[in-house]
Each structure stands twice: as structure tokens, then as C-alpha cells.
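Colleague: Provided below are the primary sequence and the corresponding predicted coordinates.
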Amino acid sequence: MSPDIRAAEPGRRSSDTLRTTVPAPVHPRRTYWREALSRTFAAVEVAAPEEACSDAVRTVRLGHLRVAEMDGGPLRARRTERLIAQGQDEPLVVTLLVSGAARVGQDGREVPLLPGEIVFSDMGHPMQWEFPQPFRTKSLVLPRRLLGLEEPGLRRLTAAPVRPETPLGQVLSPLLNQLVDTAATYPPAIGEALARHLVDLLTVLVAERLHQEADDTPGTARALLPRIQVFIDRHLADPDLTPEVIARAHQISVRYLHRLFQAEDVTVGRWIQRRRLQECRRELGRRDTADRTIAAVARTWGFTSAAHFSRVFRAAYGMSPAEWRDSAARAPLTPPAPGAAPEAPAAASTASLPRPPRLPVSRLPVHHPGEAGDTAA
């Protein structure tokens, strides 16, 4: 069975192409996908599982660009050096994963792709797509030369997922989603104009992304990291403070956030936990908070489990929260400086207390499921 290339549906231009296959055994499916993907993107090798599935590929010409929508079952497609040597003027493909899951590999990287994420694929380089389950994608196909990028720039774009919460993702994801749905309704003149504006917009967005990566220098990190640490301090009481929340607030990726904290030899979650422990220790050492329970103090600073708090406190300071509070209560008050107003009896300072031993952050116990740990404690 070969692909069934059907006539344009009502309301579509005659240049639109809809390729579909009814549920069919594996060999016809491989033939279908090999021909459909080759006509839409570039020649590929295809592997498909034994089970029969329904598949569909719809392509629409938009000026000098093409948009494509694919629906199918499990599939793996591979672009090889041999196939590349047979082609010319290989396109760049910008793909939005609408549903399902995927893994994409190119230029030495292999990454998972989740719904809502976008990935760039350069058909001039070997690459591999794998869809382990039923999926839907929407893609923009354009000549590589239109973005005006040299090879190093293209290689930094490929197999590097664009998250929907990033500036590029916030603009490109809804635009690509709607464009594929509506491209067939535009008259040719409108399609040409849209294509020109789309390339201009894509060029600006890609240049901005590459510029941000180029600015990823030690000086930039030194300026950004203190701001992030201040943000964490302001939100320590929020048990939902996570790396994702922090990255989104600073318009950076979670991966880049973790890289910033690697310079401090600590994970983001451990940094949050350490700061919460420091604030709890300070508050438990004050005599004017003696009427508050240890659990209440822990909750104030974002710990959602009293048992977990006690474990990490002991690991960090070598004593339980109750033992620390008792030692602080027995310590003498610090005498006021000459000429200073006498200290109120209820405002004991912990300055005169011996500092509890502190273990390295890396030795703090790992959080358990349902506890704050790396995200909230």
C-alpha cells in the first residue's frame, strides 16, 4: 500500500496536500511515512512498530514557506549522511509538539520533548526523531538561508528545546499553532506577506536567543545570581518555591538556573533549604518566640513536614531544633554596649551562644516524596 494523496478538502487551496493512510500493517506504514516525510521535509529512513495505526500528514504552502501537521502512532525517523549527500538546499524545520512525547537528537545532543515545546531541526545534518506513542506535531519548513545564520549558530539551535515559558516560546508557540490551523484559508497574496513577516519575526527571536546565550559569561552570572538569591529570600515562606518558579520569574531556563548555582557548589533546592534552616535557627534562638511551637516556626519558613524539618536541622547543626532552642534559652544575655539602651529581657540574642557545628550542604539528607526538599525545603 502506498500513501493516498488526496485532493484538497473543501475550503483549501488546490496546492494543499493531505496524505493519509488507514490502519495498515507495518511495511505499508513504513512506506507511507518514508514518502510523506520525504515530500514534506527531506528524505529519511523510517522504522514503525508492528501494530497498525492511522496516520495523516497535511501540508500547506505559505508563500515561500510550508507548514505541516502530522498525526500518527509510534514512529522513528532518521536523517543520515547518505541521504544528505543525495539532496541539496536542505530546509530548517521548526516543530511544535502538540501532544504525545518525543526524543530528538542532532549535533551531539539528544533531548526529550514535551507537549508545548518547540525544537529546531536542520535537515542538512544527521538527526533522529522518535515518537514512542501517538503524537501530533505542527511544523514550519523554511530554507536554511532565510535566517541568515552561520553553521555555529544553527548548531546551537538544533535539539535545544524552546520551553513555552521562555520569551521565544511565549511568542512562537501560539503563533505556530494558529498558523498551521489557518494557513489554508489565506489567499496567495496574504500568504506571501505573512511568510515575509514570519521570517522577520523568527530572525529577531532567534537572534535574541543566541544573544542571550552569548551573554552567558561569568560576569553575567555574577550579576544575576545575587538577584536570584534575594528573590529566594523574599519567598522562603512559600512552600511552592521551586526552580521552575524561580527560573520563570527571571526569564531564564531551569537548566541555566542550575548552572548558576553550580558555581556555588550547591543545587538550587539545597540553597533554598539552607536559607530556610538558617532562618528557623535564628527564630528558635529568640526568647520572644518561645511560645511558638517548633512546627509553627518550620511552617513559617516553608517546611511542610515537621519530621523532615527536624531531620535536616539535626543534620545541619548536630542537634535537634528543641535542643537548640533550650541551649539558646539558657544562654546569658549579651551585655549592651556602653551608652546603649539596655536590652529588653525578652529579646535575648544568640550572639553569645556557641555556634552549632555545621555540616557541608552536600551531606544534608535528601527529601522524601511529599516533603519540601529540593523544591520547597
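Modeller: Cool, the structure landed. Computed from a predicted structure; not experimentally measured.
Colleague: now stretch 290-303 - C-alpha only, PDB.
Modeller: Only the C-alpha atoms of stretch 290-303 are listed here, as PDB (Å, rounded to 0.1, in the frame of the first residue of the first chain):
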ATOM      1  CA  ALA A 290       9.300  30.800  72.900                       C
ATOM      2  CA  ASP A 291       5.500  30.500  72.900                       C
ATOM      3  CA  ARG A 292       5.500  29.300  69.200                       C
ATOM      4  CA  THR A 293       5.800  25.600  68.500                       C
ATOM      5  CA  ILE A 294       8.800  24.300  66.500                       C
ATOM      6  CA  ALA A 295       6.400  23.000  63.900                       C
ATOM      7  CA  ALA A 296       4.800  26.500  63.500                       C
ATOM      8  CA  VAL A 297       8.300  28.100  63.100                       C
ATOM      9  CA  ALA A 298       9.100  25.500  60.400                       C
ATOM     10  CA  ARG A 299       5.900  26.200  58.500                       C
ATOM     11  CA  THR A 300       6.600  29.900  58.700                       C
ATOM     12  CA  TRP A 301       9.700  29.300  56.600                       C
ATOM     13  CA  GLY A 302       8.300  26.900  54.100                       C
ATOM     14  CA  PHE A 303       8.800  23.500  55.600                       C
END
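Colleague: what comes up buried for it?
Modeller: Across stretch 290-303, burial judged by 16 or more other Cβ atoms under 10 Å covers 294, 297-303. Where you see a C-beta, it was placed from the backbone N, CA and C, and this is true even at glycine.
Colleague: what helices or strands is the host helix or strand of Ala296 leaning on?
Modeller: Assessed by DSSP states H and E, Ala296 sits inside helix 294-300. Applying 3 or more Cβ pairs under 8 Å, 6 or more residues apart in numbering; DSSP states H and E, one finds that helix 294-300 contacts helix 268-284, helix 306-317, helix 321-330.
Colleague: quick one: closest of those to Thr80.
Modeller: Within these, the stretch nearest Thr80 is helix 268-284; the backing value is 39.5 Å (Cβ to Cβ).
Colleague: could you give the angle of the closest one to helix 321-330?
Modeller: Angle, helix 268-284 to helix 321-330, by axes from the mean of the first three to the mean of the last three Cα atoms, to 10 degrees: 40 degrees.
Colleague: now helix 268-284 against helix 306-317, angle please.
Modeller: Going by the same axes, to 10 degrees, helix 268-284 is angled at 90 degrees with respect to helix 306-317.
Colleague: contacting residues for the closest residue to Phe135 other than its chain neighbours?
Modeller: Closest residue to Phe135 apart from its sequence neighbours, by Cβ to Cβ, 6 or more residues apart in numbering: Gly100 at 3.1 Å. Shown in contact with Gly100 (Cβ atoms under 8 Å, 6 or more residues apart in numbering): 115, 131, 133-136.
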